[in-house]
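**Student:** what follows is a predicted protein model with its sequence.
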Amino acid sequence: MANNPKTETKPPRLWTPVFVAIVLMALCCFIVGQGLNAGTSVYLAFRGANATLAGIGAAAFSAAAAVSRIVCGPMADLRGRIAVITVGVIVLIAGTICAAAVPDLNLFVVWRLIQGAGFAAVTTASATAAADVLPAERLGEGIGYYGLGQAIAMSVGPALALFLVASEPPENLFWGLSASAVAVLVISFFCHYERNLDRLPESSTYRRLALARERTETQDEENGSEKPARGLLFNSIFEPKALTGALPMMVICPTFGFGIFFVGLYGTTIGIPSAGLFYTVSAFAMIAVRLSSRSFMDRTPAIKLHAFSALVGILFCAILICVGQIGEESPLRNILFYAAGVPYGLALGMALPVNQAVSVKNSPTERWGAANGLFLLMNDIGIGGAAIVWGITNDLFGFTTTLVFVAALIAASVGVAWLTYPASEKRWRSERR
């Protein structure tokens, strides 16, 4: 009987040096973003401001991020991902240092605008860079791993921010986060791959596209063909096909906006000790989802994964509502508050990469920058648009009413996903071969 060697092929390498550098860069950038978002509401409370101003600042951050993504998505396609990252992080550093050097509440919204513009530029280009350097066969899994930087930052950023803002002076919040922004700039020097294609996996879509473009340009030069002019039409700025995943994410994002901007304030208001521990717990849950992404990403229909995110997101709201009904003397109240971080982390850890993968996979490869820009823009609209509403609702009616509205939006996101997802992502039964 002849021995037949196994013909199973080894999956292409995912953790290349450049991908590791991009994940580390995302980690440092999201520490800044998460720290600013979680810490500024507490900072303002220390300075005597109310939740409404915190909501206005959050909305300003998201509005600036939205405008920045409109520009930076197409610019990442035209001028390169690393160039956009470099400019963006310089803007982010400037906005964060200015908030520390000139702590005038009248200028608070201005600093938040600058921070939002820089943060959006870095995250838009780095998300696109992550997709560039991943092997095509493991794109969804890789996007999940890319989110590890964001997941860890969910713990480190808010916890670090609450520690810094409680020190003297509270402006240490901005000085400390500025150091993390400088680290982003340093790491970006190790991410240059656009002119070094041999650093990418052979099946990398960016590598294949770049080589094909070089061949086309060579043929055009030989034939004397002229390059088509680039127009500034809507489709040149946005990639409409990315709406398949962007719209469901926009509807569920107010949930994460509440968690980012107001859970720390909620815990502080009701007397929870070390409220930042919520973010640590949620980060561990998110990391667990991302590390196990190989078992479900690219294998399970997206509608099932998004529905699971919605279910645990509603559980997060229900737990926090219960926390508000328990007496201060009961130790169960603190335990439940921290435990709410588990469903919150699971919801965010799954919803974001699933919907981003739907957006990217459904968009033309040469438009991934614009696709990621539109996807993250819709995130900003969902988070920032709701932040000011949550701030006003908290001031007028309290956190319980706000959490009921949050849960309603989570449920609505499942219906939006069913309407927008492509047919291949709406099968409730996985097709395994």
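**Tutor:** Sure thing, it's come through.

**Student:** in the stretch 1-150 of the chain, which spans are strands?
**Tutor:** In the stretch 1-150 of the chain, no strands are defined using DSSP state E, counting those that start in this stretch.

**Student:** low-scoring stretches of it, by residue?
**Tutor:** Across the stretch 1-150 of the chain, the ranges flagged by pLDDT under 70 are 1-11, 51.

**Student:** do you have the helices of it handy? List them.
**Tutor:** All helices of the stretch 1-150 of the chain, identified by DSSP state H, counting those that start in this stretch, fall at 17-46, 51-79, 81-101, 108-133, 139-165.

**Student:** among the ones you listed, which is nearest residue 369?
**Tutor:** Evaluated with Cβ to Cβ, these place helix 51-79 nearest to residue 369, the distance being 3.6 Å. Where C-beta positions appear, they are placed from N, C-alpha and C, glycine not excepted.

**Student:** give me the nearest residue to residue 197, chain neighbours excluded.
**Tutor:** Nearest residue to residue 197 in three dimensions, chain neighbours excluded: residue 207, at 4.9 Å (Cβ to Cβ, 6 or more residues apart in numbering).

**Student:** which ones are touching that neighbour?
**Tutor:** By Cβ atoms under 8 Å, 6 or more residues apart in numbering, the residues touching residue 207 are 197, 200-201.

**Student:** among those, which one is most surrounded by other residues?
**Tutor:** The most crowded member of those, judged by other Cβ atoms under 10 Å, is residue 200 (22 neighbours).

**Student:** still on that earlier bit, now the helices of the stretch 1-150 of the chain in TSV, with mean neighbour count?
**Tutor:** Shown next, in TSV, are these (neighbours: other Cβ atoms under 10 Å):
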stretch	mean neighbour count
helix 17-46	24
helix 51-79	23
helix 81-101	22
helix 108-133	26
helix 139-165	25
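
**Student:** please convert those helices to a markdown table, extending it with distance to residue 288.
**Tutor:** Formatted as a markdown table, these follow (distance: least, Cβ to Cβ, whole Å):
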| stretch | distance to residue 288 |
| --- | --- |
| helix 17-46 | 17 |
| helix 51-79 | 28 |
| helix 81-101 | 28 |
| helix 108-133 | 20 |
| helix 139-165 | 9 |
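
**Student:** looking at these, which is nearest to residue 257?
**Tutor:** With respect to residue 257, and counting by Cβ to Cβ, the nearest of those is helix 51-79 at 7.3 Å.

**Student:** and the closest one, how far from the chain's centre?
**Tutor:** When C-alpha coordinates are averaged (Cα atoms, centre = their mean, to the nearest Å), helix 51-79 and its chain have centres 13 Å apart.

**Student:** same for that helix, what does it pack against?
**Tutor:** Identification of packing neighbours for helix 51-79 by 3 or more Cβ pairs under 8 Å, 6 or more residues apart in numbering; DSSP states H and E yields helix 17-46, helix 81-101, helix 108-133, helix 234-237, helix 243-269, helix 368-397.

**Student:** for residue 423, find the nearest of those.
**Tutor:** Among these, helix 243-269 comes nearest to residue 423, with 10.9 Å by Cβ to Cβ.

**Student:** tell me what the next helix or strand after the closest one is packed against?
**Tutor:** Moving toward the C-terminus from helix 243-269, the next helix or strand (DSSP states H and E) is helix 277-291. With contacts taken as 3+ Cβ pairs under 8 Å, 6+ apart, helix 277-291 sits against helix 139-165, helix 243-269, helix 331-339, helix 341-361.

**Student:** and the pLDDT at the residue nearest to residue 256 when sequence neighbours are not counted?
**Tutor:** Spatial nearest neighbour of residue 256, chain neighbours left out: residue 348 (5.3 Å); criterion: Cβ to Cβ, 6+ apart. On pLDDT, residue 348 comes in at 85.

**Student:** JSON lines for the helices and strands packed on helix 51-79, including distance to residue 182?
**Tutor:** Formatted as JSON lines, the helices and strands packed on helix 51-79 follow (distance: least, Cβ to Cβ, whole Å):
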{"stretch": "helix 17-46", "distance to residue 182": "9"}
{"stretch": "helix 81-101", "distance to residue 182": "6"}
{"stretch": "helix 108-133", "distance to residue 182": "12"}
{"stretch": "helix 234-237", "distance to residue 182": "31"}
{"stretch": "helix 243-269", "distance to residue 182": "23"}
{"stretch": "helix 368-397", "distance to residue 182": "23"}
